[in-house]
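Need a 3D model of the sequence below.
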Amino acid sequence: MKKKRDKANPLLLAVCQAVHDRREELGISQEELAHRAGLHRTYISDIEHGARNPSLKTLSRLADALELTASGLIKLGEERSETGD
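Next comes the predicted model:
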């Protein structure tokens, strides 16, 4: 079953897109990001597609894996949300 994208929360979607964009900037696969963060690859895919609402703990693990702080990752999402990207 396909998970729905959370259209009600633009900040969540923007943070999820920031995870994808940062992963691409680093040139790593979803598999590598999952390994670095201690998560499953399909969970990373769900996050990047906005089908999951990651906990603060998960965001912190992702941020570390993406060589960012948790606040830096959220800030990227906020900036994306403000510009409508």
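
which residues sit in contact with residue 81?
Listed by Cβ atoms under 8 Å, 6 or more residues apart in numbering, the contact set of residue 81 reads 10-11, 13-14. Glycine gets a C-beta too; all of them are placed from N, C-alpha and C.

Which two among the residues you listed are spaced furthest apart?
Across these, the longest distance by Cβ to Cβ is 7.3 Å; it joins 11 and 13.

between these two, who's got more neighbours?
Set residue 11 next to residue 13 and count neighbours by other Cβ atoms under 10 Å: residue 13 wins out with 18 against 13.

tell me how far stretch 52-71 is from the chain's mean position?
Here stretch 52-71 is found 7 Å from its chain centre; the criterion is Cα atoms, centre = their mean, to the nearest Å.

again, but for stretch 32-46
Centre-to-centre, stretch 32-46 and its host chain are 10 Å apart (Cα atoms, centre = their mean).

what pLDDT, on average, does it get?
Summarised as a single mean, pLDDT over stretch 32-46 is 98.

Run a quick neighbour tally on the nearest residue to residue 18 once chain neighbours are set aside.
Leaving aside its sequence neighbours, residue 18 sits nearest to residue 76 (Cβ to Cβ, 6 or more residues apart in numbering; 3.9 Å). Using other Cβ under 10 Å, residue 76 has 20 other residues around it.

What separation do you get for residue 76 and residue 10?
From residue 76 across to residue 10, the span is 14 Å (Cβ to Cβ, to the nearest Å).

got it, and residue 25?
Distance, residue 25 to residue 10, by Cβ to Cβ: 22 Å.
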